[in-house]
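Colleague: I would like the atomic coordinates for the input below:
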Amino acid sequence: MYDAHMITLHFAGYQPARSVHSRALHALLDDVARRADGKLAITVTDSIVSIGRKAADLLTMVESGELDGCYFASSYLAGRVPALGVFDQPFQARSRDAVFAGLDGDTGASLAECVAAATGYRVLGYWDNGIRHISNGVRTIRAPADCAGLSLRTLDNAQHQDAFRRLGFWPMYIDVADLPRAVAERTVDAQENPLTNMVNFGLHAHHKHVSLTGHLLGIALLLVNRACFDALPAVLRDVVIDAAKASTTMQRLFAVAEDADCLRLLANAGVAIVGPDAIDLPAFRALAGAPPVIGAAETGPPARG
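Modeller: Numbering: from 1, shown residues only. Model (predicted):
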């Protein structure tokens with residue numbers, strides 16, 4: 001959106017205002033305002049879900065130019081940008097420090113080039129999309145045998161779904177906008193998400209079992225419409241790049257602090273939390289990396305009342 005005096009970019013997300021992602025978008029807004037000397041502004045819609053859109057609509061909205069920027073899980077673009085699949089190997093996750101050291105260097109630069117070549121986006125930053133764990137409303141999960149027959153909401157990513165199927169789950173994709181209702185109505189028995197999402201979407205009201213499997217470190221790409229960004233004057237592109245770096249640093253700090261806060265909240269809410277030392281993670285790793293089970297998706301999970 002352009003006028004005679006200021007360029008305005010509209011960014012949006014899909015999480016509530018208290019989330020680490022929304023807070024980071026507002027940090028980006030504030031930083032651009034400080035740096036741009038009145039020549040560029042960013043506006044933020046915390047959640048397009050609140051205006052009746054699906055979370056996954058963000059990607060289309062930004063690529064089409066309806067919005068200028070958003071954050072979104074890298075897994076949703078792995079089909080178009082195969083190099084992003086490096087983050088999509090369940091139970092093979094490395095530490096936050098190791099992953100982000102690479103993303104802030106040559107690895108991140110190379111991935112950004114791949115995204116720009118295959119899509120209508122540019123990558124402004126790599127955000128911490130949380131360490132993913134498993135929650136459910138049926139039973140404690142400590143070993144793969146405990147997963148047998150449970151329906152599991154997971155991301156729209158074939159690699160994820162194959163791995164969870166090998167563990168005995170019946171994986172399915174449900175847009176995050178519909179996840180709270182799916183959990184409340186027991187459309188799914190289980191789901192896997194960072195702790196912050198379990199809290200922000202109120203899933204712990206129905207899922208009283210959380211297993212800290214730490215099976216994936218999610219990466220959220222901070223994306224901008226490529227044509228819009230490239231059309232900015234060079235000095236304003238630099239403003240956005242510098243502000244994105246600063247907001248990325250803040251977002252990652254928010255994410256680490258949020259994990260500790262959410263663990264306390266879940267415990268106080270009566271959720272039974274199983275720590276990694278009480279989980280047979282080697283068995284999970286071995287099965288998740290095994291060859292796919294042919295024909296496993298031909299029938300559905302058992303019906304539950």
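Colleague: Quick one: low-confidence residue ranges for the stretch 1-150 of the chain.
Modeller: 1-4 (pLDDT under 70).
Colleague: Next SSE downstream of the helix or strand where Leu263 lies?
Modeller: Using DSSP states H and E, Leu263 falls within helix 234-268. Note on helix 234-268: by DSSP H and E, the next helix or strand toward the C-terminus is strand 272-274.
Colleague: could you say what helices and strands the helix or strand just after that next one packs with?
Modeller: Sequence-wise, the next helix or strand downstream of strand 272-274 (DSSP H and E) is helix 281-288. Other elements packing on helix 281-288 under the criterion 3 or more Cβ pairs under 8 Å, 6 or more residues apart in numbering; DSSP states H and E are helix 158-166, strand 209-225. For glycine as for every other residue, the C-beta is placed from the backbone atoms N, C-alpha and C.
Colleague: Confidence-wise, which of these is weakest overall?
Modeller: With a mean of 92, helix 158-166 has the lowest mean pLDDT of the helices and strands packed on helix 281-288.
Colleague: buried stuff in the following helix or strand past that one?
Modeller: Moving toward the C-terminus from helix 158-166, the next helix or strand (DSSP H and E) is strand 170-173. By neighbour count with 16 or more other Cβ atoms under 10 Å, strand 170-173 contains the buried residues 170-172.
Colleague: partners of strand 170-173, with directions?
Modeller: Taking DSSP bridges as the criterion, strand 170-173 sits next to strand 151-154 (parallel) in its sheet.
Colleague: Give me the contact list for the strand it pairs with.
Modeller: The contact list for strand 151-154 (Cβ atoms under 8 Å, 6 or more residues apart in numbering) reads 134, 160-161, 164, 169-174, 179, 182-183, 187-192, 300-301.
Colleague: now do 7 Å
Modeller: Strand 151-154 has contacts (Cβ atoms under 7 Å, 6 or more residues apart in numbering) with 160-161, 164, 169-174, 179, 182, 188-192, 301.
Colleague: quick one on the thing from earlier: show me what counts as buried in the helix holding Leu263.
Modeller: Here helix 234-268 shows 236-237, 239-240, 243-244, 246-248, 250-252, 254-255, 258-259, 262-263, 266 as buried, counting by 16+ other Cβ under 10 Å.
Colleague: before we move on, what about stretch 50-66?
Modeller: Residues of stretch 50-66 classed as buried by neighbour count (16+ other Cβ under 10 Å): 53, 55-59, 61-63.
Colleague: now swap in stretch 272-287 and tell me
Modeller: Buried residues in stretch 272-287 (16+ other Cβ under 10 Å): 273-274, 279, 281, 284-285, 287.
Colleague: what's the answer for stretch 101-108, then?
Modeller: For stretch 101-108, by 16+ other Cβ under 10 Å, it's 103, 107-108.
Colleague: Give the full set of residues in contact with the residue nearest to Arg23 when sequence neighbours are not counted.
Modeller: In this structure, Arg23 finds its nearest non-sequential neighbour in Phe254, 5.8 Å apart by Cβ to Cβ, 6 or more residues apart in numbering. Listed by Cβ under 7 Å, 6+ apart, the contact set of Phe254 reads 20, 23-24.
Colleague: quick one: Leu124 and Leu222 touch, right?
Modeller: Yes: applying Cβ atoms under 7 Å, one finds Leu124 in contact with Leu222, separated by 4.4 Å.
Colleague: Name the residues contacting each of those two.
Modeller: Ala244.
Colleague: How is Asp37 assigned, secondary-structure-wise?
Modeller: Three-state call for Asp37 (DSSP: H, G, I helix; E, B strand; the rest coil): coil.
Colleague: what's the answer for Asp31, then?
Modeller: With three-state DSSP as the criterion, Asp31 reads helix.
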